[in-house]
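In: output the structure for:
(6 chains)
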Protein chains: 6
Amino acid sequence: MSDMNSKPASSVRPFRRLLLTGAAGNLGRQLRGALAAWADVVRVSDIAPLGELAPHEEAVVADLADRAAVHALLEGVDAVIHLGGISVEAPFDALLESNIRGLYNLYSAAQHHGVRRVIYASSNHAVGFHPVTSVLDVEAPLRPDCLYGVTKCFGEALSRYYFDRFGLETVCLRIGSSFEAPRNARMLVTYLSYRDFIELVRCALFTNRVGHAIVYGVSDNRIKWVDNTKAAFLGFRPQDSSLEFEPQFPPGAPDPDFDDPTQRYQGGPFVLAGPMEPRS
Amino acid sequence: MSDMNSKPASSVRPFRRLLLTGAAGNLGRQLRGALAAWADVVRVSDIAPLGELAPHEEAVVADLADRAAVHALLEGVDAVIHLGGISVEAPFDALLESNIRGLYNLYSAAQHHGVRRVIYASSNHAVGFHPVTSVLDVEAPLRPDCLYGVTKCFGEALSRYYFDRFGLETVCLRIGSSFEAPRNARMLVTYLSYRDFIELVRCALFTNRVGHAIVYGVSDNRIKWVDNTKAAFLGFRPQDSSLEFEPQFPPGAPDPDFDDPTQRYQGGPFVLAGPMEPRS
Amino acid sequence: MSDMNSKPASSVRPFRRLLLTGAAGNLGRQLRGALAAWADVVRVSDIAPLGELAPHEEAVVADLADRAAVHALLEGVDAVIHLGGISVEAPFDALLESNIRGLYNLYSAAQHHGVRRVIYASSNHAVGFHPVTSVLDVEAPLRPDCLYGVTKCFGEALSRYYFDRFGLETVCLRIGSSFEAPRNARMLVTYLSYRDFIELVRCALFTNRVGHAIVYGVSDNRIKWVDNTKAAFLGFRPQDSSLEFEPQFPPGAPDPDFDDPTQRYQGGPFVLAGPMEPRS
Amino acid sequence: MSDMNSKPASSVRPFRRLLLTGAAGNLGRQLRGALAAWADVVRVSDIAPLGELAPHEEAVVADLADRAAVHALLEGVDAVIHLGGISVEAPFDALLESNIRGLYNLYSAAQHHGVRRVIYASSNHAVGFHPVTSVLDVEAPLRPDCLYGVTKCFGEALSRYYFDRFGLETVCLRIGSSFEAPRNARMLVTYLSYRDFIELVRCALFTNRVGHAIVYGVSDNRIKWVDNTKAAFLGFRPQDSSLEFEPQFPPGAPDPDFDDPTQRYQGGPFVLAGPMEPRS
Amino acid sequence: MSDMNSKPASSVRPFRRLLLTGAAGNLGRQLRGALAAWADVVRVSDIAPLGELAPHEEAVVADLADRAAVHALLEGVDAVIHLGGISVEAPFDALLESNIRGLYNLYSAAQHHGVRRVIYASSNHAVGFHPVTSVLDVEAPLRPDCLYGVTKCFGEALSRYYFDRFGLETVCLRIGSSFEAPRNARMLVTYLSYRDFIELVRCALFTNRVGHAIVYGVSDNRIKWVDNTKAAFLGFRPQDSSLEFEPQFPPGAPDPDFDDPTQRYQGGPFVLAGPMEPRS
Amino acid sequence: MSDMNSKPASSVRPFRRLLLTGAAGNLGRQLRGALAAWADVVRVSDIAPLGELAPHEEAVVADLADRAAVHALLEGVDAVIHLGGISVEAPFDALLESNIRGLYNLYSAAQHHGVRRVIYASSNHAVGFHPVTSVLDVEAPLRPDCLYGVTKCFGEALSRYYFDRFGLETVCLRIGSSFEAPRNARMLVTYLSYRDFIELVRCALFTNRVGHAIVYGVSDNRIKWVDNTKAAFLGFRPQDSSLEFEPQFPPGAPDPDFDDPTQRYQGGPFVLAGPMEPRS
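Out: Coordinates of the predicted model:
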């Protein structure tokens, strides 16, 4: 399916210029290959070095907290895939600069420049304080499990506002654990293969209308904590599963420490990760 | 699956006489072959010519608006597959005769003659004014997108009444776009293959009890606007998908005309189709 | 409350011309007094004689099934209070002319003439096949209890369409039993005093925005089958109750005929009233 | 999948001692093989003869109604798979001893001995008075269809209490019809293959946390009356289906006896089975 | 209101014979006066002495666990107000005899003798493990807070079965704290005045149809943990409130022992009351 | 009611020290009188002058964005009533300092000092982009109508995190329009009288357990856009209404500019207020 769809029949690419922030990060690197087929120019941005550029890429180094730089970054852009910012628990001041001030800068500039759509990397940590014995649909109440998760709630609210106010569309991807392979038993549930991640971005970018949508980014794993039924208009159908990795993490008898919050809540170790003090 | 089920083990067919209205139309013609295995006699009816009859078929030409004719039409019938009437936007007076007066005549006669079940061709246009960013279950509020859709709401209400009042069962099939192939990007979502259409009718006809049921008629397409979970007692599992047709309609960048109602609502161009003036 | 609100502070009346259909009927007569304070001109219409006119009234006799007459009727009108049509079970052909064709004529003409709002007399018989042991909110599924109720479902669907398509607002009043006093034990539950009826129309007419709203028209009776919580934006707070009439209809021991549908369903005797044959 | 998962990579078995009650019954016998891989010792118990024991098995004959015997039975146990008690309609006094007093004894002893989890064989007969035209999620209201079903409601309430009060986890398996093959048309819907039953028990036993969970035990049959979406955290994905058995039970025309409760309700013949008088 | 309604206009009392069990208990004594107006004969029953009988009363001493005695007790009865059994936490064997075996005897006999309706004293302890920060409607999931509460869940399931199976109607009254006055701060929320209790029984007995209904028995207290909206068809409108008693239990600062279950859950001290060992 | 409750029977005040932020603002000034009865010491804080202090008051001037100052501010405090920060639309950088950084400082310090509860002034502008034709319960999805509203969404998420992580309780008051009197027609719906505001704070402060609660702060106005049923455990029952002010804002005929967002959405003029540029 991905072959068929990632190369549209016509040689004209659907987007003129896409912006990819966080392009130097783990997921950013996964996406860069796919983007070649989707846009004439891909503007890749990060605060870290971006490596060698492909012919269709243009690099812009920008700090999201720098309003002027972000306004320049958004110029001439059709749509944004926003993976930038901090994606783990961190001291609040750092989160505030990149994930709050930085996100405001991004939306403010996007609206100013007439950008039509943002794909926003939200996180399952926006709802990680729900218990592992529940299955969340995309309308489940927010339950952030760390300050990082709180900033993702901010982002979902801010993007909702820009949609209601200006019609600027956003798809919030509540990405689970997107790595080569699950690293522990919990990630058997939250695993999102790279291939499925790319397909999820493709769906978010190419669905005709998305409004302000929320969707969980997980592969078709056996155990499910989330339910994307109400986001089915995005057409995301994961092709991978963590099933092949299950033997690496054989389950044991029920845990004697029943109250351990890292086992009780979907956020796992994140629920104890914050608030973090600044590194001195 | 369809082979196995469309030919019951015994050579005795489950129905003595089935009535198929709208038998000369596109979907009527698709069904006629399958009906041979289900009933000893299939009474086919339309106001248009019905073509050559198969040995098990008997033809009755009847105008649904003619009460006496419809009462004769229903005599001796076990169950009805009602595809008749107008299935596109039309002037109100025409819709009123075929889809309102005609439908009343059909139910009145069915009740009079002790018919046990009607399969009623409703339409996704009964709910077409829901946005394309929503996923409707079978209890979603009615949002007709044209006068034709309003008459389908009438039909769902009328059939509900005949069930509550007389126990006459109906399955309302909210049929999407049932053609050889999708004809545009929207139909990638609403596509119902002929094979899946026939299977849907089979489920509606042969499920032991259906009460008054509503079910969406769509194939297993990648993008979904509807969710049949609450109608799962009908056992309809589509086997086809529009996936193979996706390359014919490659998506573009987000549409600059955000307010275009034909793009915002599930009904597509139908939302602007009515009300239609009579042809002079 | 009603005094205070029915006479706006300023001497300028809020509406230039209101149309009241069904003005010769029971509820129409109740309203005519109140309308004097709300509009400079009240166009009263019916197929029955309208009695003596007040100075602010103008009379138009029109058959709703007559399209041209209805178009003339709507000319120059700001808003419509539509009590016209048949409000009891009747032969289908009669219902079809007045409640289906007539209603289409009304909306078609209202849209043509730029009318902004219709107050539509729907009925609790649109949902009368719900059991008396349930409490319906304004989103309860339709369960018409007679053909008359089916036509009210049609009206709710048609008015929804005109709102979604043209922005023509409607408030559907699901009126219970509006008489001088309840006439039997069931009406203790469905009773709507005349004073509360007038207040309900006032709320429907004067709430700034109503979209397409549904609201139950019942007084603050002790036993409730309906719940207007989701229609609270209309501000309807009944002031009367059937409590004072309860001693007239003392309850007995539980009914030995448990299956009697006129006792099991909210619609009461209506559930057996139809379908009615035409009077010869 | 089952091979891979039923033999954890390491040779250390996850449980030290599992208790299987009802081990001499139909489903008990199916499970005994699988349990060898999950626990060092499997204590099998019944009031009927248990047959030849495997090397890892230890047999305890105990009457569930005998409190002291049950307390002894639970000693040294990590987790319980409770298939014991009566699983068909029976005189109330018999049900009371085995399914009510017996179940209390089991939970009382389990709590006393620090058992962490019980897999409890509940039944679809706890909800069998829902109509066959509905699809139940795991939060559907209780509608027992016989006294046996009432005792299963008791068990679900008792186990909920032990979880809320003591943190003793339970998975209530609402088992459908688990036999070699469906025995009639209704069982095409309620069929649970032995392989899927074993997988369901495996999921219930090995999911890290289950709290107090309810899940339907049915294979992936074409027609569905139940929906396990909200129990997806258990990871149960049936691999079998009754589809291959459908030709054995070809459907007929709609049943003329519309009111037959054994056809109207999910419980089928159970709805008329009780209350049963004691055999004299 | 109660005066007006408790004495029907006619001198003929609506019931021929009412049975009141638990007539010697606190609430039973409150009711006996009111019942005089409702029935020609009131059969009062208990295992404790019943005091002096009024002219319209007949006394039957019966142990609910004695099947034959209970069958005799129900003979000639129109309707039952069942306050009998144990209404506090107790050893399981005692609860089993009175609240489980005894209740089965009652329903079995009621069905046998054609009784039409039972008013069943359930309890808020059937849902007492819900947190004090939630508001429960009548469809909230069962969360018994003690073994006594578990037996009330049994009673609600058993009575549901008798309704679905035989049409024997029941109103389950989830009675809060019905005393002269609240005895502690928690009872400010759960308080049910005697006057409101009697009115609640009146509504349950005289509403024309009740099916199988659940309703919370609380007065119109300021703080609410329960919501009877969906039971509004019973017409219960409490007239009293605990407001006047609030000064007796002034609130303090938030409790430092946040985890104290007797403060966290609606059941209060009951959540730690069980399971109770038998008194030796 | 307020008299009775605002002066607990005993002369010992329930709180040792309450902190009131934003004490110099409009609502802060309203509260200061009531707080005298609730705490031995009231620490009042603002960045504006605090006026003359009452004997039980101690003043601390602090900028919420100053972490050290806020940590000092929270020392020795039992509970906080947080009205501080910006409560109108403002440039993002200003909102970020006071409502985001400032709020984090407040919660971080509160948790550090063992504060048990925060009463947080959220706003109906967190949900102001819902249409005026809907009625929101306390679980309605967030729809901020301006950047100020977005910061309130942040605050609700942050406080939820502190509750889930540390058990620090918060009541989020979504305050409507709390002034002497409504100032326009929209405020007839959103009006919260000062007396009701004080009662709302009292309920939030003195309810035994609140967890993380959300409640709308509106008086008992005739028209309702919000529904506090699910927050009824807080015991807030407004005593005032905007009814007496209705004649000052007589409604007119339906607005011809149907698309005007300030009329369509609950947020009124706020929906067009942002984003605001900084004042130069």
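In: only C-alpha atoms for contact and neighbour calcs from this point on.
Out: Noted.
In: am I right that A:Arg43 is in a strand?
Out: Yes: looking at A:Arg43 with DSSP: H, G, I helix; E, B strand; the rest coil, it is inside a strand.
In: that one against A:Phe15, yeah?
Out: No: taking C-alpha atoms under 8 Å as the definition, A:Arg43 is not a contact partner of A:Phe15, at 11.8 Å.
In: what is the neighbour count of A:Ile81?
Out: Counted by other C-alpha atoms under 10 Å in any protein chain shown, the residues lying close to A:Ile81 total 24.
In: SS state for it?
Out: strand.
In: pretty sure it sits against A:Val118.
Out: Yes: with contact defined as C-alpha under 8 Å, A:Ile81 reaches A:Val118; the gap is 5.9 Å.
In: residues touching the residue nearest the centre of chain A, list them.
Out: Centroid-nearest residue in chain A, with C-alpha atoms, centre = their mean: A:Ala121, separated by 2.3 Å. Contacts for A:Ala121 were tallied using C-alpha atoms under 8 Å, 6 or more residues apart in numbering or on different chains; they are A:81-83, A:172-175.
In: of those residues, which ones also sit close to chain F?
Out: With the criterion set as C-alpha under 8 Å from any C-alpha of the partner chain, no member of the contacts of A:Ala121 is near chain F.
In: picking that back up, so the residue nearest to the centre of chain A sits in a strand?
Out: Yes: the assignment for A:Ala121 by three-state DSSP puts it in a strand.
In: and it, bridged to which residues?
Out: A:Leu173 (DSSP bridges).
In: where in chain A is pLDDT low?
Out: A:1-11, A:279-280 (pLDDT under 70).
In: get me the contact residues on it for chain B.
Out: Residues of chain A lying near chain B (C-alpha under 8 Å from any C-alpha): A:4-5, A:8-9, A:14-15, A:78, A:116-117, A:167, A:205-211, A:213, A:229-237.
In: look through chain A and tell me its longest helix.
Out: Using DSSP state H to define each element, chain A has its longest helix at helix A:147-166.
In: quick one, phi/psi of whichever residue of the stretch 1-150 of chain A sits closest to chain C?
Out: In the stretch 1-150 of chain A, no residue comes nearer to chain C than A:Glu139, which is 19.6 Å away by C-alpha to the nearest C-alpha. Dihedral pair for A:Glu139: phi -110, psi 10, per degrees, to the nearest 10.
In: pull the distance from the longest helix of chain A to the chain's centre.
Out: 13 Å (C-alpha atoms, centre = their mean, to the nearest Å).
In: kindly report the same for stretch A:132-140.
Out: Distance, stretch centre to chain centre, for stretch A:132-140: 18 Å (C-alpha atoms, centre = their mean).
In: can you give me the helices in the stretch 151-280 of chain A?
Out: Using DSSP state H, counting those that start in this stretch, the helices found in the stretch 151-280 of chain A span residues A:187-190, A:194-206, A:261-264.
In: the second one: how far from the chain's middle?
Out: The gap between where helix A:194-206 is centred and where its chain is centred comes out at 10 Å by C-alpha atoms, centre = their mean.
In: and what of the first one?
Out: Centroid displacement of helix A:187-190 relative to its chain, using C-alpha atoms, centre = their mean, is 16 Å.
In: burial count for A:His112?
Out: Neighbours of A:His112 (other C-alpha under 10 Å): 12.
In: what is the end-to-end distance of stretch A:73-92?
Out: 25 Å (C-alpha to C-alpha, to the nearest Å).
In: in that stretch, what's buried?
Out: A:73-87, A:89-92 (16 or more other C-alpha atoms under 10 Å in any protein chain shown).
In: pull the distance from it to the chain's centre.
Out: Using C-alpha atoms, centre = their mean, the offset of stretch A:73-92 from its chain centre is 10 Å.
In: now A:Ser177, nearest residue through space, not along the chain?
Out: Using C-alpha to C-alpha, 6 or more residues apart in numbering or on different chains and skipping the chain neighbours, the partner closest in space to A:Ser177 is A:Tyr191 (4.7 Å).
In: oh, I was asking about A:Ile198
Out: Setting aside the residues directly before and after it, A:Ile198 is nearest to A:Leu31 in space (C-alpha to C-alpha, 6+ apart), at 6.2 Å.
In: not counting its own residues, what contacts the host helix or strand of the one you found?
Out: Assigned by DSSP states H and E, A:Leu31 falls within helix A:26-35. Residues from elsewhere that reach helix A:26-35, judged by C-alpha under 8 Å, 6+ apart: A:6, A:20-23, A:42, A:83, A:178, A:194, A:198.
In: what's A:Ser108 sitting at in phi/psi?
Out: According to degrees, to the nearest 10, A:Ser108 has phi -60, psi -40.
In: look up how far F:Ser134 lies from it.
Out: 29 Å.
In: please identify which of the two sits among more neighbours.
Out: Ranked by neighbour count (other C-alpha under 10 Å), A:Ser108 and F:Ser134 place F:Ser134 first, with 20 against 17.
In: ok so, going back, any buried residues in the helix holding A:Leu31, and which?
Out: Neighbour-count burial for helix A:26-35, counted by 16+ other C-alpha under 10 Å, picks out A:27-28, A:30-32, A:34-35.
In: what's the closest non-adjacent residue to whichever residue of the stretch 101-250 of chain A sits closest to chain F?
Out: At 5.2 Å from chain F, A:Phe154 is the closest residue in the stretch 101-250 of chain A, using C-alpha to the nearest C-alpha. In space, and not counting its chain neighbours, A:Phe154 is closest to F:Phe154: 5.2 Å by C-alpha to C-alpha, 6+ apart.
In: surely the one you found touches A:Lys152?
Out: No: applying C-alpha under 8 Å, one finds F:Phe154 not in contact with A:Lys152, separated by 9.4 Å.
In: show me where the stretch 1-150 of chain A has its strands.
Out: Along the stretch 1-150 of chain A, counting by DSSP state E, counting those that start in this stretch, strands occupy A:15-21, A:39-46, A:57-61, A:79-82, A:117-123, A:136-137.
In: closest to E:Gln248 out of these?
Out: E:Gln248 lies closest to strand A:136-137 among the strands of the stretch 1-150 of chain A, at 43.5 Å (C-alpha to C-alpha).
In: list the contacts of the closest one.
Out: A:225-230.
In: ok, it: who's next to it in the sheet?
Out: With DSSP bridges as the test, strand A:136-137 pairs up with strand A:226-227 (parallel).
In: burial count for the residue in the stretch 151-280 of chain A positioned nearest to chain B?
Out: As assessed by C-alpha to the nearest C-alpha, chain B sits closest to A:Gly235 within the stretch 151-280 of chain A, at 3.9 Å. Here the count is done by other C-alpha under 10 Å, and A:Gly235 has 20 residues near it.
In: if we ignore the residues flanking it in sequence, what's nearest it?
Out: B:Ile223 is the one closest to A:Gly235 (C-alpha to C-alpha, 6+ apart), at 3.9 Å.
In: cool, and A:Val135?
Out: Using C-alpha to C-alpha, 6+ apart, the nearest residue to A:Val135 is A:Trp225, at 4.4 Å.
In: how many other residues sit next to that neighbour?
Out: For A:Trp225, using other C-alpha under 10 Å, the count is 26.
In: again with A:Tyr162
Out: A:Tyr162: 23 neighbours (other C-alpha under 10 Å).
In: show me what contacts it?
Out: Contacts of A:Tyr162 (C-alpha under 8 Å, 6+ apart): A:107, A:111, A:168-169.
In: 10 Å - rerun?
Out: Counting by C-alpha atoms under 10 Å, 6 or more residues apart in numbering or on different chains, A:Tyr162 makes contact with A:107-108, A:110-111, A:168-170, A:212, F:144-147, F:275.
In: mind putting those residues into TSV with distance to B:Pro251?
Out: Compiled in TSV, these are given as follows (distance: C-alpha to C-alpha, whole Å):
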residue	distance to B:Pro251
A:Tyr107	24
A:Ser108	27
A:Ala110	22
A:Gln111	23
A:Leu168	19
A:Glu169	16
A:Thr170	17
A:His212	19
F:Pro144	31
F:Asp145	32
F:Cys146	33
F:Leu147	33
F:Pro275	32
